[in-house]
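Student: okay, sequence plus prediction incoming.
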Amino acid sequence: MYRGRIAPTPTGLLHLGHARTFAQAAAFARAANGKLVLRIEDLDAARCKPHFTTSAIEDLIWLGIHWQEGPGCGGPHAPYIQSQRVTWFNEVWKMLQASGTIYPCDKSRQDVERALVAPHAEDDAEPIFPTTLRPDNHAGKEATSPGNSNWRFRVPDSENIYFDDSIQGPQSFTAGKDFGDFLIWRKDGMPSYEMAVVADDHAMDITHVVRGADLLKSTARQILLYRALNWTIPQWSHVPLINDANGQRLSKRAAGLSIQELRNKGLTPAEVLTAPVVSLIGK
């Protein structure tokens with residue numbers, strides 16, 4: 001059974017790029033006669049606001065994007081809201097701790113902030129965590145909870161992580177070269193994006209992940225988490241990013257391209273989802 005998901009982060013109004021990605025996820029699920037889950041990824045308490053969640057749900061419904069489980073559906077499956085799932089994330093931390101793949105590590109505030117939300121293309125130049133700063137293999141072995149520390153996943157240095165993306169084709173990233181030891185838990189008591197998304201995709205039996213191409217490198221990290229937890233790895237589909245007339249990636253906050261703004265300008269759902277992006281800029 002095909003089970004896909006759409007996972008907005010309510011830090012602002014739903015943006016055109018995310019809307020088109022979610023529409024693609026819905027189309028794949030519909031073509032496979034599968035189910036689509038809506039999950040609200042609101043772990044960044046300082047930036048995520050309830051009214052952005054409400055707005056995103058209204059925009060998705062207006063666009064004709066339908067889901068079978070999650071907020072707005074009622075029943076035993078609602079809601080799928082990450083901030084309400086910290087107990088589950090603590091259980092997953094314990095599983096990773098038992099696997100011997102994580103360790104406590106205090107790092108800069110910038111590191112912590114980067115772990116709050118999904119990384120994007122502009123983060124490709126992030127510094128590789130130096131192996132010289134790793135603690136010895138016994139660090140944190142006796143811990144029974146994350147405590148007030150950041151925790152990192154120890155990557156297998158020089159290992160090539162391969163996966164076949166249904167849209168982008170074969171992909172390969174090298175641990176220790178393309179990315180280093182990455183945060184899985186923040187000292188404020190919340191999981192990082194990488195850990196939370198893997199934990200919830202597994203818990204919700206997600207078989208197919210459709211998201212933006214800016215998350216290709218994150219997929220390599222997440223595959224390492226799936227392996228450490230002995231969980232089934234889903235099929236990946238990374239949708240190309242939308243660009244402006246100069247070929248530059250349009251950010252989530254690009255002026256005039258929130259779904260709410262496009263709706264208010266009188267565009268139809270079909271125009272929002274299919275019109276050339278350059279025709280919508282400044283419309």
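Tutor: Yes, it's here.
Student: so where do the strands sit in this protein?
Tutor: 3-6, 35-38, 102-104, 151-153, 160-165, 169-174, 182-185, 208-212, 235-239 (DSSP state E).
Student: nearest to Trp93, out of those strands?
Tutor: Shortest separation from Trp93 across the strands of the chain is recorded for strand 182-185, at 5.9 Å, computed as C-beta to C-beta. Using the backbone N, CA and C atoms, a C-beta is placed for each residue, glycine as well.
Student: can you report how many residues neighbour Gly70?
Tutor: Residue crowding around Gly70 was assessed by other C-beta atoms under 10 Å; the count is 21.
Student: err, Phe163, not the other one
Tutor: Other residues near Phe163 number 17, with proximity taken as other C-beta under 10 Å.
Student: could you report the pLDDT at the nearest residue to it once chain neighbours are set aside?
Tutor: Excluding the flanking residues, the one nearest Phe163 by C-beta to C-beta, 6 or more residues apart in numbering is Gln171, at 5.4 Å. According to the predicted model, the pLDDT of Gln171 comes to 98.
Student: with the one 5 residues further on instead?
Tutor: Looking at Gly176, its pLDDT reads 94.
Student: same thing with Gly70?
Tutor: As summarised for this prediction, Gly70 has a pLDDT of 89.
Student: one more: Arg249?
Tutor: Per the predicted model, pLDDT is 69 at Arg249.
Student: the closest residue to Asp178 other than its chain neighbours and Pro156: what is the separation?
Tutor: Counting by C-beta to C-beta, 6+ apart, Asp178 lies nearest to Lys217, which is 6.3 Å off, once chain neighbours are set aside. Counting by C-beta to C-beta, to the nearest Å, the gap between Lys217 and Pro156 amounts to 16 Å.
Student: domains in the chain, by residue range?
Tutor: Using automatic domain parsing, the domains assigned to the chain come out as 1-84+242-283, 86-203.
Student: any stretches of this protein with poor pLDDT?
Tutor: Counting by pLDDT under 70, the chain contains low-confidence ranges at 74-79, 107-126, 244-256, 282-283.
Student: what about the longest helix in it?
Tutor: Scanning the chain for the longest helix, with DSSP state H as the assignment, gives helix 16-31.
Student: by contact count, what packs against that helix?
Tutor: strand 3-6, strand 35-38, helix 50-63, strand 208-212, strand 235-239, helix 259-264, helix 269-274 (3 or more C-beta pairs under 8 Å, 6 or more residues apart in numbering; DSSP states H and E).
Student: quick one, the fourth one and helix 16-31 angle?
Tutor: If I follow you right, that is strand 208-212. Taking axes from the mean of the first three to the mean of the last three C-alpha atoms, to 10 degrees, one finds strand 208-212 and helix 16-31 inclined to each other by 160 degrees.
Student: all helices for the stretch 51-200 of the chain, in order.
Tutor: For the stretch 51-200 of the chain, the helices identified by DSSP state H, counting those that start in this stretch occupy 86-99, 109-114, 193-203, in order along the chain.
Student: so which of those is nearest Ile6?
Tutor: Evaluated over the helices of the stretch 51-200 of the chain, closeness to Ile6 peaks at helix 193-203, with 12.1 Å, by C-beta to C-beta.
Student: buried set for that closest one?
Tutor: Neighbour counts using 16 or more other C-beta atoms under 10 Å place Tyr193, Glu194, Met195, Ala196, Val197, Val198, Ala199, Asp200, Asp201, His202 of helix 193-203 among the buried residues.
Student: rebuild the strands of the chain as TSV, extending it with distance to Thr132.
Tutor: Conversion of these to TSV gives the following (distance: least, C-beta to C-beta, whole Å):
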stretch	distance to Thr132
strand 3-6	38
strand 35-38	42
strand 102-104	14
strand 151-153	14
strand 160-165	22
strand 169-174	18
strand 182-185	17
strand 208-212	33
strand 235-239	32
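Student: closest to His18 out of those?
Tutor: His18 sits nearest to strand 208-212 of all these, at 7.6 Å, using C-beta to C-beta.
Student: wait, the residue nearest to Phe163 sits on Tyr162?
Tutor: Yes: taking contacts as C-beta atoms under 8 Å, Gln171 lies within contact range of Tyr162: 7.0 Å.
Student: who's more crowded, these two?
Tutor: When Gln171 and Tyr162 are compared on other C-beta under 10 Å, the one with more neighbours turns out to be Gln171, at 16 against 11.
Student: in stretch 260-273, what counts as buried?
Tutor: Here stretch 260-273 shows Glu261, Leu262, Arg263, Leu267, Pro269, Val272, Leu273 as buried, counting by 16+ other C-beta under 10 Å.
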